[in-house]
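In: Pasting the sequence and the predicted coordinates here, then a few questions.
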Amino acid sequence: MQEASNKIVSVIIVTAGVGNYINLCLDSIQKQTYPLLEVIVTDNSCNPIFRQKILNSYPQIKLYSNPKNLFYCQALNKGIKISKGDFVLCLNDDIILDKKFIEEALRGFYYNAKVGMVSGKILREGGKTIDSTGLFLSFWRTAKERGYGSSDKGQFQEEGYIFGVNGAAAFYRKEMLEGIKENEDYFDSDFFIFYEDLDIAWRAQRSGWQGYYVPQAIAYHIRGATVRANSGIDRPYARRFLSDSLEADLIKNRYLTIIKNESILNFLLHLPGMVLYDFIIWIYILFFRPRVAKIFFSHLKMLEFTAGKIKL
């Protein structure tokens, strides 16, 4: 990888200190074949004992402990702002990287100068099930992970263009992040968690940037390890295992993403699909999880405020 041989990669990990995931993640980063790494951990645990354990075990990293839980987007923004790399790899702490992940993924950025996002092949723990081979915008205007939940049989072994990258292991060109940021936000801090990856991909596409998929860059994701109960880890139909508050955020953030990024013409073209999707979701919510509806409607002012700022 001659083109990238002198480029620094900033690896930014957000952790809430749950389980032993951050240790497994950092161990995999230490084994990377690409040498020019800056590792930044933003700690949302609010636990000084956890902080000290990480510093003792990994003295070479840059650790920033937040006085309160900044949630995923704000914590990532903090890390990106202080990063020095030409490329930024944003990781959930429940990700484990193959030792050649960064070396292989960097090739995607040199396919052409407008590639601003690169995804590797993200597999579930055990390596037999696909978690994501690229993020796409669905007909329903939801985030679609290509290959999600299917067995890995080599069906996604071709490199190629994608819409965006999964937020669990999202590799970005720093130039792109600087070009599309909103005020001081790279990731929209109103999102907290969920849909932030689709929002940033959509904004990037609207600004002329592209996403690229490199299947030789392999990572392993313990899906839901830090936001679901243990019974829901790596399970299908993930939203069943979310708390009421997180489920409300998931719904709210989809609407925010559409309001911010969709054109009037495409909104009208996809309106039938969106109506059908929302009808099914809201029937489920109203009958089985009514508290989610109560929390969601408390967020309406945020949706109205966002809609007032956007010119479609």
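Out: The structure has been received and is ready for your questions.

In: In the protein, which helix is the longest?
Out: The residue-count maximum for a helix in the chain (DSSP state H) belongs to helix 264-288.

In: For that one, what is the distance to the chain centroid?
Out: Here helix 264-288 shows a centroid-to-chain-centroid distance of 23 Å under the convention CA atoms, centre = their mean, to the nearest Å.

In: what's the helix or strand that contains residue 88 in contact with?
Out: Under DSSP states H and E, the secondary-structure element containing residue 88 is strand 87-92. Outside of strand 87-92, the residues within contact range by CB atoms under 8 Å, 6 or more residues apart in numbering are 4, 7-14, 25, 76, 79-80, 97, 102, 105-106, 109, 167-174, 177, 221, 226. In this view, the C-beta of every residue, glycine as well, is placed from N, C-alpha and C.

In: what are the C-alpha coordinates of that strand, in PDB please?
Out: Extracted C-alpha coordinates of strand 87-92, given in PDB (Å, rounded to 0.1, in the frame of the first residue of the first chain):
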ATOM      1  CA  PHE A  87      -8.300   8.800   7.800                       C
ATOM      2  CA  VAL A  88     -10.600   8.100  10.800                       C
ATOM      3  CA  LEU A  89     -11.800   4.600  11.800                       C
ATOM      4  CA  CYS A  90     -14.800   4.900  14.200                       C
ATOM      5  CA  LEU A  91     -15.400   1.700  16.200                       C
ATOM      6  CA  ASN A  92     -18.000   0.400  18.600                       C
END
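
In: What strands line up against that strand, and which way round?
Out: Taking DSSP bridges as the criterion, strand 87-92 forms sheet pairs with strand 9-15 (parallel), strand 169-173 (antiparallel).

In: Redo those as CSV? Include mean pLDDT.
Out: As requested, these are exported to CSV (pLDDT from 0 to 100):
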stretch, mean pLDDT
strand 9-15, 97
strand 169-173, 98
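
In: following the strand holding residue 88, which helix or strand comes up?
Out: Beyond strand 87-92 toward the C-terminal end (DSSP H and E), the next one is strand 95-97.

In: Name the residues that touch that next one?
Out: The list of residues contacting strand 95-97 from outside it, by CB under 8 Å, 6+ apart, reads 24-25, 28-29, 32, 91, 122, 125, 168-169, 218-222.

In: now, which of those sits nearest residue 267?
Out: Sorting these by how near they are to residue 267, with CB to CB, puts residue 168 at the top with 28.4 Å.

In: What's the separation between the closest residue to that closest one other than its chain neighbours and residue 165?
Out: Counting by CB to CB, 6 or more residues apart in numbering, residue 168 lies nearest to residue 92, which is 4.4 Å off, once chain neighbours are set aside. Look at residue 92 and residue 165: by CB to CB, to the nearest Å, they are 12 Å apart.

In: More neighbours: which of the two?
Out: For residue 92 against residue 165, the residue with the higher neighbour count under other CB atoms under 10 Å is residue 165, and the figures read 30 against 24.

In: strands paired with the biggest strand by length in the chain, and their directions?
Out: Ranked by number of residues, the top strand in the chain under DSSP state E is strand 210-221. Under the criterion DSSP bridges, strand 210-221 sits next to strand 95-97 (antiparallel), strand 115-124 (parallel), strand 160-162 (antiparallel) in its sheet.

In: List the buried residues in the first one.
Out: To tie it back to what came earlier, the one meant is strand 95-97. By neighbour count with 16 or more other CB atoms under 10 Å, strand 95-97 contains the buried residues 95-97.

In: For the spatially closest residue to residue 193 that is not a sequence neighbour, give me its contacts.
Out: Sequence neighbours aside, residue 72 is the residue nearest to residue 193 in space, at 4.3 Å (criterion: CB to CB, 6+ apart). Contact analysis of residue 72 by CB under 8 Å, 6+ apart lists 14, 167, 187, 192-193, 196.

In: Check pLDDT for those residues and point me to the minimum.
Out: By predicted confidence, the contacts of residue 72 are weakest at residue 192, whose pLDDT stands at 80.

In: then stretch 161-178 to PDB, C-alphas only?
Out: What follows is stretch 161-178, C-alpha atoms only, in PDB (Å, rounded to 0.1, in the frame of the first residue of the first chain):
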ATOM      1  CA  TYR A 161     -19.400   1.000  -4.600                       C
ATOM      2  CA  ILE A 162     -21.800   1.200  -1.700                       C
ATOM      3  CA  PHE A 163     -24.000   3.900  -0.300                       C
ATOM      4  CA  GLY A 164     -22.400   4.100   3.100                       C
ATOM      5  CA  VAL A 165     -20.700   2.200   6.000                       C
ATOM      6  CA  ASN A 166     -22.000   0.500   9.100                       C
ATOM      7  CA  GLY A 167     -21.400   2.600  12.200                       C
ATOM      8  CA  ALA A 168     -19.900  -0.200  14.200                       C
ATOM      9  CA  ALA A 169     -16.700  -0.100  12.000                       C
ATOM     10  CA  ALA A 170     -16.900   3.000   9.900                       C
ATOM     11  CA  PHE A 171     -13.800   4.100   8.000                       C
ATOM     12  CA  TYR A 172     -13.800   7.700   6.800                       C
ATOM     13  CA  ARG A 173     -11.600  10.100   4.900                       C
ATOM     14  CA  LYS A 174     -10.900  13.100   7.300                       C
ATOM     15  CA  GLU A 175     -11.300  15.500   4.400                       C
ATOM     16  CA  MET A 176     -14.800  14.300   3.800                       C
ATOM     17  CA  LEU A 177     -15.800  14.600   7.500                       C
ATOM     18  CA  GLU A 178     -14.500  18.200   7.600                       C
END
